[in-house]
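Student: Fold the following.
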Amino acid sequence: MLKLKKEAILYEKIGKLLNCKVCERKCLISNGKRGFCDMRKNVDGKLWTLNYAAASSVAVDPIEKKPLFHFYPGSTVLSLGSVGCNFHCKHCQNWNISQGEFENISLREILPEDAIKLAKEYKCKSIAWTYNEPTMWLEYTIDSAKLAKKDGLKTVYVTNGYMTEESLESIGPYLDAANIDLKGMSNKFYKELCDARLQPVLDNIKRIYDKKIHIEITNLMIPGYNDSEENIKALVNFMVDEIGVEVPLHFTRFFPYYKLKNVSPTAVADLEKAHKIATDAGMKYVYIGNVPSGTGENTYCYSCGDLLVGRDGYQIMADSLKNNKKCPKCGTGIDIIN
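Tutor: The predicted structure is shown next:
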């Protein structure tokens, strides 16, 4: 049976309905019902979160797995996931927790203070809310992030970027880094594959960048859906014209999964083409992910081309930027937090 653990934040009454303002769906929820994410329920005129401190997944990960390549490379992060999502992606790798039924998922209660203790016990540099959309347990991440900051831990969101401006204002002061999944550059893609809209994601990328929260962007290239040259150029132009060429951009390889099992894996040549389009447009740090061999995850000096951080999977094999932010060969400043 569900436990009503904590009253939600960011909602208002509209007649007999409750208007949730956590994400851009802004669900209108009648008494006894839940919102789209299934994690907020109207009980007699109050909105309650159903998953406060309810963890479905706990792990100590390399920070590179988020993926964050320019945020304390080589460090470890305590990763926490819960239940629910405001997207219904047909290619979701964590569909069993993001779209599964709350009552049927094995959950472990980890209070904010317990999460901080775990992170320190395992000597993690940071704590991340990931695996499912972190704003689905916004109240918990805020409470945890406040404690993390007091204890000197860095904080990370791995997010689809669909939170409201009010949500971002609530978590923003306590957030150090975010990887945002920019899934495509058309409303058609977002509607058909995610049941969502593009513009709120673009708006939040701008807001997070403007708040000077460390940001990296991931684009999973799905053959036949968002891998066209037109889509890649639109994404790159957005990054160059409206964000910043110094923001790391990760093009990652798709593999058949969930409801897209009939789609072929992304061709490596297409990932390399996207990489070239981005670097030719002036992007400084472009990566190719989910490709087991090759040099696509290495960090190079954008000025002289010298290898700065060598990676093999999630392992750091070489790091000439340790405690330094300049290329040792040419002296160019590198956009990295280390």
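
Student: Report the contact partners of the residue nearest to Ala8 when sequence neighbours are not counted.
Tutor: Nearest non-adjacent residue to Ala8, counting by CB to CB, 6 or more residues apart in numbering: Leu47, 4.2 Å away. Just so you know, the C-beta spots here come from the backbone N, C-alpha and C atoms, and that holds for glycine as well. Contacts of Leu47 were listed using CB atoms under 8 Å, 6 or more residues apart in numbering, and they are 7-8, 11, 18, 20, 29, 40-41.

Student: would Leu47 count as being in a strand?
Tutor: Yes. Under DSSP: H, G, I helix; E, B strand; the rest coil, Leu47 sits within a strand.

Student: For Lys41, grab phi and psi.
Tutor: phi -130, psi 140 (degrees, to the nearest 10).

Student: Report how many residues lie close to it.
Tutor: 20 (other CB atoms under 10 Å).

Student: I figured it was touching Trp48, is that so?
Tutor: Yes. Counting by CB atoms under 8 Å, Trp48 is a contact partner of Lys41 at 5.4 Å.

Student: these two touch, right, Glu133 and Val83?
Tutor: No. In this structure, Glu133 is not within contact of Val83 by CB under 8 Å, at 10.1 Å.

Student: and for these two, which residues touch both?
Tutor: Joint contacts of Glu133 and Val83 (CB under 8 Å, 6+ apart) are Ser98.

Student: what bridges to Ala318?
Tutor: Beta-bridge pairing for Ala318 (DSSP bridges): Gly310.

Student: correct me, but it touches Val309?
Tutor: Yes. Between Ala318 and Val309 a contact is recorded at 6.9 Å, counting by CB under 8 Å.

Student: Same drill for these two, tell me which one is more crowded.
Tutor: More neighbours surround Val309 than the other of Ala318 and Val309, with 23 against 14 (other CB under 10 Å).

Student: Would you mind measuring from the more buried one to Glu297?
Tutor: To Glu297, Val309 is 9 Å away according to CB to CB, to the nearest Å.

Student: same deal with Asn324?
Tutor: From Asn324 to Glu297 the distance is 20 Å (CB to CB).

Student: more crowded one of these two?
Tutor: Between Asn324 and Glu297, counted using other CB under 10 Å, Glu297 has the larger neighbour count: 20 against 13.

Student: So for stretch 168-178, first residue to last residue, what's the gap.
Tutor: Chord length of stretch 168-178, first to last residue, is 12 Å (CA to CA, to the nearest Å).

Student: Please enumerate residues in contact with that stretch?
Tutor: Stretch 168-178 has contacts (CB under 8 Å, 6+ apart) with 9-10, 68, 71, 126, 135, 138, 141-142, 145-146, 148-149, 154-159, 163, 204, 207-208, 211, 213-216, 337.

Student: Which among these count as buried?
Tutor: Buried residues within the contacts of stretch 168-178, counting neighbours by 16 or more other CB atoms under 10 Å: 9-10, 68, 71, 126, 135, 138, 141-142, 145, 148, 154-159, 163, 204, 207-208, 213-216.

Student: and the contacts of stretch 168-178, which of them are in strands?
Tutor: 126, 154-159, 214-216 (DSSP state E).

Student: and the two most separated of those residues?
Tutor: Lys154 and Thr159 (15.8 Å; CB to CB).

Student: Contact partners for the closest residue to Gly35 other than its chain neighbours?
Tutor: Once flanking residues are discounted, Gly35 sits nearest to Cys27: 3.7 Å by CB to CB, 6+ apart. With contacts defined as CB under 8 Å, 6+ apart, Cys27 is in contact with 19-20, 35-37, 40.

Student: what about 7 Å?
Tutor: 20, 35-36 (CB atoms under 7 Å, 6 or more residues apart in numbering).

Student: again, but for Lys183
Tutor: Lys183 makes contact with 189-190, 194, 220, 226 under the criterion CB under 7 Å, 6+ apart.

Student: just Phe189 next, same as before
Tutor: 183, 225-226 are the contacts of Phe189 under CB under 7 Å, 6+ apart.

Student: okay, now the nearest residue to His214 once chain neighbours are set aside: neighbour count?
Tutor: With sequence-adjacent residues excluded and distances taken as CB to CB, 6+ apart, His214 is closest to Ala177, at 4.0 Å. As a burial measure, Ala177 scores 24 neighbours (other CB under 10 Å).

Student: and the gap between Ala177 and Ile213?
Tutor: For Ala177 relative to Ile213 (CB to CB), the value is 6 Å.

Student: With Lys21 instead?
Tutor: Lys21 is 21 Å from Ile213, where distance means CB to CB.

Student: Please apply the same query to Lys261.
Tutor: Going from Lys261 to Ile213 by CB to CB gives 36 Å.

Student: tell me which element Thr218 is part of?
Tutor: Using DSSP states H and E, Thr218 maps to strand 214-221.

Student: strands paired with that strand, and their directions?
Tutor: Applying DSSP bridges, one finds strand 214-221 paired with strand 177-181 (parallel), strand 249-253 (parallel).

Student: So what's the gap between the first one and the chain middle?
Tutor: The reference is to strand 177-181. 4 Å (CA atoms, centre = their mean, to the nearest Å).
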